[in-house]
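A.B. asks: Fold the following, please.
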Amino acid sequence: MNKFILSMIAALSLIAVGNQASAAVVDSGVIEGNSSFATVDHWYFTVNTGGLIQIDVIDTFPGSDPEMNLWSASGGGLGSFIVNDDDSGSNTDPRIIRDLAPGTYALLVGLYALPNDATGFRSVNSAAPVSPYNLNISGDTTLNFVREGNLDGSYSQRPSPVPLPAGGLLLLGGLGALGAARKLKKKTA
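C.D. replies: Next comes the predicted model:
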């Protein structure tokens, strides 16, 4: 019976880890603008097992037109340009569906027209003073961090959100296994 309980706790821990790895990245950002510039956010994420990945930027401010560029990432910065998208999603929202190899990537999110060679944290266009958006990345991916562009061309870096529900299940499973092992040790002593 005790081996059964321990194996169930181990199985629940593996399920929690599996759910954490395959969960879609869902986060939000804001593109700021003035009469000369709009900010560009840089999202760094890792594709863990490779395969078909779908990236959606969903505009939550009527009238703005987000656009995105996908780059490979290298050493915490941009590597090589992969693809740009402006309006493949619903309305004027960008969508990228692409087969990506395991590795680290950078997604630049700005307003139309974001040049393919844009590497900074601001671009020369502004359709709206503030353009909030949601970011969804499907597939086996992990969000590493985001560098949020500022109007002066600098950026503010914030860490990725921690998926607490899966981590919490893993912690509970581990504590349960330790408690069961301690109880087993007391019975045999």
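
A.B. asks: contacts, neighbours, all on C-alpha from now
C.D. replies: Will do.

A.B. asks: what's the residue closest to the geometric middle of this protein?
C.D. replies: residue 143 (3.4 Å; Cα atoms, centre = their mean).

A.B. asks: Identify the residue nearest that residue in space, chain neighbours excluded?
C.D. replies: Computed as Cα to Cα, 6 or more residues apart in numbering, the closest residue to residue 143 that is not its neighbour in sequence is residue 45, at 4.3 Å.

A.B. asks: Same check on residue 133?
C.D. replies: Using Cα to Cα, 6+ apart, the closest residue to residue 133 is residue 59 (4.5 Å).

A.B. asks: Identify the residues contacting that neighbour.
C.D. replies: By Cα atoms under 8 Å, 6 or more residues apart in numbering, residue 59 lies in contact with 65-66, 93, 131-134.

A.B. asks: Endpoints of stretch 139-153, how far apart?
C.D. replies: 32 Å (Cα to Cα, to the nearest Å).

A.B. asks: can you check stretch 27-38 too?
C.D. replies: End-to-end for stretch 27-38, by Cα to Cα: 20 Å.

A.B. asks: Let me see the ranges of the helices in this protein.
C.D. replies: 2-22, 164-188 (DSSP state H).

A.B. asks: what's the spacing between residue 155 and residue 74?
C.D. replies: Residue 155 is 18 Å from residue 74, by Cα to Cα.

A.B. asks: about what we covered before: could you dump the contacts of residue 59 into CSV and include pLDDT, distance to residue 112 and neighbour count?
C.D. replies: What follows is the contacts of residue 59, written out as CSV (pLDDT from 0 to 100; distance: Cα to Cα, whole Å; neighbours: other Cα atoms under 10 Å):
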residue, pLDDT, distance to residue 112, neighbour count
65, 83, 6, 22
66, 87, 6, 27
93, 92, 10, 21
131, 82, 12, 24
132, 88, 14, 16
133, 90, 14, 20
134, 91, 16, 14
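
A.B. asks: Fine, thanks again, bye for now.
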